[in-house]
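> Sequence first, predicted coordinates after that:
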Amino acid sequence: MLIELGHFALVLALFIAMVQTVVPAWGALRSDDRMMELAAPASLSQLLLVLIAFVALMHAYVTSDFSVLNVAANSHSMKPVIYKISGVWGNHEGSMVLWVLILAIFGAAVALFGDNLPVTLKANVLSVQASIATAFILFILLTSNPFLRLDPAPVDGQGLNPILQDPALAFHPPFLYMGYVGFSMAFSFAVAALIEGRTDAAWARWVRPWTLLAWICLTLGIAMGSWWAYYELGWGGWWFWDPVENASFMPWLAGTALLHSALVMEKREALKVWTVLLAILTFSLSLMGTFLVRSGVLSSVHAFAVDPERGTFVLVIMILFTGGGLALFGARAGALRQGGIFAPISREGGLVLNNILLTTGCATVLCGTLYPLALEALTGDKISVGAPYFNATFVPLMVPLLLALPAGPFLAWKRGDLKGVSQRLFFAMLAALLGLVATFAIAERGPWLAPFGIALGLWVMAGAVLDPLSRARFGVGSREEVLRRLGNLPRSAYGTALAHFGLGLAVIGIVGTSAYRVERILPMRSGDKVEIAGYSLEFRGLTSGRGPNYTEETALFEVEHGGRPATELRPSKRLYDAPPQPTTEAGIHASWAGDLYVVLGDPQADGSTAVRLYFNPLVRGIWIGAVLMFLGGGLSLLDRRLRVGAPAPASARVVPAE
Amino acid sequence: MTRKQRRGLLIGVAVGVLSLAAVLVLFALEDSIVFFHTPSDVAEGRMAPERRFRLGGLVAKGSLKRGAGTKVSFDVTDTLKTVPVSYDGILPDLFREGQGVVAEGRIGPGGVFEADSVLAKHDENYMPPEVAKALREKGVKLGQGATHP
């Protein structure tokens, strides 16, 4: 019964979204207040209805109602409750309902907190937001309906793929979606601005927190996915340049560029046209990500069941919104007044360079991701583009970005002084140089470029530390003055520094583990010892056991480091009950220097067990760095000046439309 | 600097970075892409010699042999032609006889495909789309795999 209610609520939400698409925008055109005022209650009731649909579906999962097709296909009564809940979005249909729910939450947030927005802008934004909701609810109802019944109901469900039964993965899709869908706000604001033919600093002040919120969620979502792949898939890798990974990485790159260009627009009223274009492109890339994942046109480890009908539908949605947005941009961009001139060497100049490099980097990823599709369509040849391509194209573009990054926050707006900046970055250069020499001294092998990569990471980290210190006149002013100035720095300054520091740390992690990783594969018998990267592991045999919904063979390794017992590792191979599928659980020993990573292979003919060992130096830096980026973004978001819905300073406040 | 010169510089930098990226992309696509072939393609000699490629198909039933250490060998078939594969390492969890597999490597002496990585996808009834498509093109009838509704 509840499931029918959910179904009905979603249909109602569709109609409300349709009305909300048309009426407020029409009202804005005719300057009709009553029509525009419809937007807020409409988006709130849309949220309520989608929430009912979502809760109904979740209820069916938690109570294991197998008369619902979607639940029967993806859940199982013996599954732990948390995975029953995460099972809602662990499949295509349910995840699309989550997509629409997050979209409705963002729309309702504008309706609730958008009192200080110009009335027409608010109406237009909510109309555009509702048009996206219309498209996706229609998509759910026509091609991917999770509310269908199954008659007769099976005794039990088919279960959730066991590798997805994992805490990190339970929250990976919601965060990813908050990122994807969050960029729809930037898109809606951009389209609304184009419809009105004007943007200003207040517009940028509105767009930036939404973009930042989307960005931090996407950052965390990607990091969780990568962390999960690292410890769960048992390949010891953390990023595979898989098409589906790229699909989330491209909006991240474009979104990062958008964050920085919106900053220029807010502070200096420059780069207006570019920022609007970037807002449209970022959301388009999010839609493309959804298309690539949902259509199965690209083969990937994520490949879900292929359904051409769904793929076509999402493709149409993507073409409609991207094409519509770009066409509107072409027609109306000329109306946007340009402002704020600046010298090439200036904060603006630095941020422009950031944007050029990030968007070009994003374009190379796009080429590598879509090239196999294009080639197959043209010649019929099937190819795959892997890490070597991205290492040869994307990485070289990021080097100048990282080189220039520490200087950016030190440059003054309008006209900067590169000599003064380099003096203030002296200690960062010193840190980088020391890191370079130290890495060359320590590393016995590995590519000669790697120490430069480590130095680059240190340069970014040290630059990020120096930024707030320098602003507080550290080493120049008195102790009291420095402390007072540090206390008075806005949160966003610390947020920037923290996020940049995290990026530097991630770079070190990436370079360290890519260049200096050690791998050994060998068959072992009980009592055998193996040495790797200063660790000595003794294999103490296998034991069988039983978990809540799986059986497992667990190995015991006693690990010694420098002759002293360090830890015990228990990698295992599991066989899940439903669906009956084997998984590999890695045994990981983490330290600052790196991770010792052990996975079990198959039993060999001679009674030994194949064992694969890795030492992944500095690998934790990647995820700690990503979490710092998340925290830095969050800190900026808490900045008084940037708070969502905070009134603009009087000097920048725009006159509301009458 | 006049406004015009500034704009010129900006466009110059943007064009410079873009062309650098274009050159990198073209060279990388020339060198680092990996083609996908079926055993029939291999029999017809359709791939460039000495080049790495991905070999996809089904693991032939009864062909899996374990050698010394972690060495394994098996045959990949598209039911029309079969290619022997050797691999030193740990096979993925879902590697099974009769199931779809993709191996990456090159043809060594004696016509044995020397794989340096073996992929089996993380779904019981999942067949890599390239394999399914290639098999269909060769006229192989595929059984109805489990479809997620």
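Sure, I can see it. Values in this document were obtained by computation on a predicted structure and should not be read as measured data.
> How about the backbone phi and psi for A:Gly527?
phi 100, psi -10 (degrees, to the nearest 10).
> Can you name every helix or strand that the helix or strand that contains A:Leu220 contacts?
Using DSSP states H and E, A:Leu220 sits within helix A:201-232. Packing partners of helix A:201-232 (3 or more C-beta pairs under 8 Å, 6 or more residues apart in numbering or on different chains; DSSP states H and E): helix A:167-170, helix A:172-196, helix A:243-268, helix A:272-295, helix A:620-637. For every residue, glycine as well, the C-beta is placed using N, CA and C.
> mind giving me the domain split of chain B?
B:1-33, B:35-137 (automatic domain parsing).
> hang on, the earlier thing: identify whichever of the helices and strands packed on helix A:201-232 lies nearest to A:Leu358.
helix A:243-268 (4.0 Å; C-beta to C-beta).
> Could you see whether chain B lies near that closest one?
No. Counting by C-beta under 8 Å from any C-beta of the partner chain, chain B has no neighbours in helix A:243-268; the shortest distance is 11.4 Å.
> for that helix, packing partners?
helix A:172-196, helix A:201-232, helix A:272-295, helix A:347-379.
> Including mean pLDDT and mean neighbour count, could those helices go into TSV?
Compiled in TSV, the helices and strands packed on helix A:243-268 are given as follows (pLDDT from 0 to 100; neighbours: other C-beta atoms under 10 Å in any protein chain shown):
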stretch	mean pLDDT	mean neighbour count
helix A:172-196	92	25
helix A:201-232	90	23
helix A:272-295	88	25
helix A:347-379	90	20
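> Please name whichever of the helices and strands packed on helix A:201-232 is nearest to B:Lys65.
With C-beta to C-beta, the closest approach to B:Lys65 among the helices and strands packed on helix A:201-232 belongs to helix A:243-268: 33.6 Å.
> and the closest one, average pLDDT?
Across helix A:243-268, the average pLDDT comes to 91.
> Where does the prediction get shaky in the chain?
No chain was given, so I picked chain A. A:295-308, A:339, A:640-658 (pLDDT under 70).
> Please refer instead to chain B.
B:1, B:121-149.
> What segments of it are strands?
Here chain B has its strands, by DSSP state E, at B:33-37, B:53-59, B:65-66, B:71-77, B:82-88, B:100-107, B:113-119.
> now for the first one, which elements pack on it?
Contacts defined by 3+ C-beta pairs under 8 Å, 6+ apart place strand B:33-37 against strand A:382-385, strand B:53-59.
> nearest to A:Gly311, of those strands?
Closest among these, using C-beta to C-beta: strand A:382-385, at 17.9 Å.
> partners of that closest one, with directions?
strand B:33-37 (antiparallel) (DSSP bridges).
> gap between the partner strand and the chain center?
Relative to its chain's centre, strand B:33-37 lies at 5 Å (C-alpha atoms, centre = their mean, to the nearest Å).
> Okay, angle between it and helix A:347-379 too, please.
For strand B:33-37 against helix A:347-379, the angle by axes from the mean of the first three to the mean of the last three C-alpha atoms, to 10 degrees is 20 degrees.
> Show me what counts as buried in strand B:33-37.
B:Ile33, B:Val34, B:Phe35, B:Phe36, B:His37 (16 or more other C-beta atoms under 10 Å in any protein chain shown).
> For the third one, list each beta-bridge partner.
Legend: beta-bridge partners of B:Phe35 under DSSP bridges are A:Ile383, B:Phe53.
> how much space is there between it and B:Gly56?
As judged by C-beta to C-beta, to the nearest Å, B:Phe35 and B:Gly56 stand 11 Å apart.
> now A:Ala192
From A:Ala192 to B:Gly56 the distance is 48 Å (C-beta to C-beta).
> since we're on A:Val395, how many residues are nearby?
17 (other C-beta atoms under 10 Å in any protein chain shown).
> actually A:Trp448, not the one I typed
9.
> Wait, a strand at it?
No. In this structure, A:Trp448 is coil, not part of a strand, as judged by DSSP: H, G, I helix; E, B strand; the rest coil.
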